[in-house]
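Novice: This is a predicted model, with the sequence first.
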Amino acid sequence: MATPAPAGAAMPELAPGQGREAKHGRAGGGPRQSAGARLLSLSVQAAVMAATLAVFLVFAAASALLLLVLVLAARAFRRHHRITSLDLAPSPPPPLRAGLSPVDIRRLPSFAFPSTRGGSGDETAAASPSCVVCLDAARAGERWRAMPACTHAFHAACVDRWLARTPVCPVCRAAVAVPI
């Protein structure tokens, strides 16, 4: 610690470890600011922060306003589009029949698949046609149905289910004309 200075001494002596700060009475090492300068510095910082906040709020408000305008415009466009599409749209076409009625299907020609004579069963199975709906080979005595327009033939049970859903040939898509 430093010894007290005599009454006539101008500057007290410094103990080792004490620097110029202690000599000049400054603890922070920088120039000493007056209270007025500090107040001015704080007021400038506050003004800059307030201006920055004001600019941010202006941009936020402008963005919110733009978003509101876009949402309202989209709603108006959708409403206008819906109204005009309903006014100008022709009446919907009548629903198409999904397939043939059971009565029409029964009117289609059917036949029993002929039995083959001579030859073994393996050769007959290899040479016989298959139903393209179920992919099974034809066997003697099975009920088959031929399409009138294209003469393609299928198992009656398989093609009947097909024709109940869609009135065209499963192979060539020709329209099935029901004989009267």
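Specialist: Thanks, I have it. Residues are numbered from 1 along each chain as shown.
Novice: And stretch 154-169, what's buried?
Specialist: 154-156, 158-160, 162-163, 167-169 (16 or more other Cβ atoms under 10 Å). The C-beta positions use only the backbone N, C-alpha and C, and glycine is treated the same way.
Novice: Which of these fall within helices?
Specialist: Using DSSP state H, 156, 158-160, 162-163 are the members of those that sit in helices.
Novice: Please identify which of those is nearest to residue 65.
Specialist: Distance to residue 65 across those (Cβ to Cβ) is lowest for residue 162, with 61.2 Å.
Novice: Report how many residues lie close to residue 67.
Specialist: Look at residue 67: counted by other Cβ atoms under 10 Å, it has 10 neighbours.
Novice: from now on call the first residue 174
Specialist: That works, and once the first residue is 174, the last one we named lands at residue 240.
Novice: Could you find the closest non-adjacent residue to residue 327?
Specialist: Take residue 327 and drop its neighbours on the chain: the residue closest to it by Cβ to Cβ, 6 or more residues apart in numbering is residue 304, 4.9 Å away.
Novice: I would like the residues contacting stretch 325-332, please.
Specialist: Stretch 325-332 is touched from outside by 283, 302, 304-307, 309, 311, 315-320, 335, 342-345, with contacts defined as Cβ atoms under 8 Å, 6 or more residues apart in numbering.
Novice: repeat that with 7 Å
Specialist: Applying Cβ atoms under 7 Å, 6 or more residues apart in numbering, the contact partners of stretch 325-332 are 283, 304-307, 315-319, 342-345.
Novice: So residue 271: helix, strand or coil?
Specialist: Counting by DSSP: H, G, I helix; E, B strand; the rest coil, the backbone at residue 271 sits in coil.
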